[in-house]
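> Please find the sequence and the predicted model below.
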Amino acid sequence: MQKRNLNPDQIKLIKQFQKNEITEYYIYSRLSRKTCPSGRREKSKKNAETLQEIGDDEMRHYLFWKEYSGVEVKPNKLKIFKFYWIARIFGITFGIKLMEKGEEGAQEAYKKACEFIPEAQQIVDDEDIHEKELIDMLEEKKLDYVGSIVLGLNDALVELTGTLAGLTFALQNTRLIAIAGLITGIAASFSMAASEYLSTKSEGNGSNALASSFYTGLAYVFTVIILILPYFLFANYFVCLAMTMSFAVLVILFFNYYISVAKDLNFRKRFWEMFIISMGVAAFTFGIGYLIRIFLGVDI
């Protein structure tokens, strides 16, 4: 049997493969059971079946490697806990694709294993093609409304960073800035949600209009709260503005990373595009606030 021809380093590599495969089997299986425990919703049922199919592939791969190592290998419990909860909190698609991105280096190791176990090529093909196809079949409601979330998030970032920057120099009072910004932000969130509802409905997609408006408004309100928070907590308006700009960058960073992973998009391009627009508008309106204060003689 080929097992007798393997050296200790090759056996060690195979055991690493086993550990990875059995760990991912447990992750997919647990997600499958939690995705649709009752099997009542069609989309959830389909996702559960897809997740279990991927899990079965991982178990098949584990058993393949076991034939060459000749031993059982325990899963990585920390990894199971970590990616299970990432998937539960941030969405199955994001959690799984993040996990698969972390395994990109393993693909090279798999290909290396093909040199001394030619039959392993089928495992490589499964990882590269079949599992990716199955992952792409997963359906998540939140990803169906990415456009609406982008609309609310981006509009809030551009409008609120600009508004707060302008108010900071015009008013120079953190409490007034916070109140004015909050009123502006809440009003704008309702306006954006209503506009998204009417826009989606006018396109003949009435069944999704309410959900689209909800995600747009929710993204807008979330961004408003994050950006205004420093003005409620600190007295120095320049410190507040600096923190608001930092929070804006973090929101842009996190959201674009999330979307780039979940939707397989270019992270750097999307990040810098949103960053330049938001910070450019903030700088422009900061200057306007300064000019208004000078020419109108505002002194609060």
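The structure has been received and is ready for your questions.

> Domain map for the protein?
The chain breaks down by automatic domain parsing into domains covering 2-139, 143-296.

> Kindly list the main-chain dihedrals of Phe116?
phi -110, psi -10 (degrees, to the nearest 10).

> Surely it is in contact with Leu6?
Yes: using CB atoms under 8 Å, Phe116 is in contact with Leu6, at 6.7 Å. Where C-beta positions appear, they are placed from N, C-alpha and C, glycine not excepted.

> Looking at these two, which one has more neighbours?
Per other CB atoms under 10 Å, whichever of Phe116 and Leu6 has more neighbours is Leu6, with 18 against 15.

> is it true that the more buried one touches Tyr68?
Yes: assessed by CB under 8 Å, Leu6 is found in contact with Tyr68 at 6.5 Å.

> Touching both of those two, which residues are there?
Ile14 (CB atoms under 8 Å, 6 or more residues apart in numbering).

> Let me have the domains of the chain in JSON lines, extended by mean pLDDT.
What follows is those, written out as JSON lines (pLDDT from 0 to 100):
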{"stretch": "domain 2-139", "mean pLDDT": "80"}
{"stretch": "domain 143-296", "mean pLDDT": "81"}
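
> what's the spacing between Trp85 and Lys77?
For Trp85, the distance to Lys77 (CB to CB, to the nearest Å) stands at 13 Å.

> do Glu49 as well
Glu49 is 26 Å from Lys77, by CB to CB.

> neighbour count winner among these two?
Neighbours per residue (other CB under 10 Å) separate Glu49 from Lys77, with Glu49 holding more: 16 against 10.

> In contact with the residue nearest to the more buried one when sequence neighbours are not counted, which residues?
In this structure, Glu49 finds its nearest non-sequential neighbour in Ser32, 7.7 Å apart by CB to CB, 6 or more residues apart in numbering. Ser32 sits next to 48-49, 51-52, 55 when contact means CB under 8 Å, 6+ apart.

> Those into a markdown table, with extra columns for distance to Glu72?
Shown next, in a markdown table, are these (distance: CB to CB, whole Å):
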| residue | distance to Glu72 |
| --- | --- |
| Ala48 | 27 |
| Glu49 | 28 |
| Leu51 | 24 |
| Gln52 | 22 |
| Gly55 | 18 |
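
> Among these, name the ones in helices.
Taking DSSP state H, the ones among the contacts of Ser32 that sit in helices are 48-49, 51-52, 55.

> List buried residues within the residues you listed.
Neighbour counting with 16 or more other CB atoms under 10 Å marks 48-49, 51-52, 55 as buried within the ones in helices among the contacts of Ser32.

> Just give me the closest of those residues to Ile226.
Set against Ile226, the nearest of those by CB to CB is Leu51 (32.4 Å).

> where exactly do the helices run in the protein?
8-35, 42-69, 77-90, 92-102, 104-113, 121-125, 131-136, 141-144, 146-171, 174-202, 206-233, 237-263, 267-296.

> among the ones you listed, which is the most enclosed?
helix 146-171 (a mean of 23; mean count of other CB atoms under 10 Å).

> what angle sits between that one and helix 206-233?
30 degrees (axes from the mean of the first three to the mean of the last three CA atoms, to 10 degrees).
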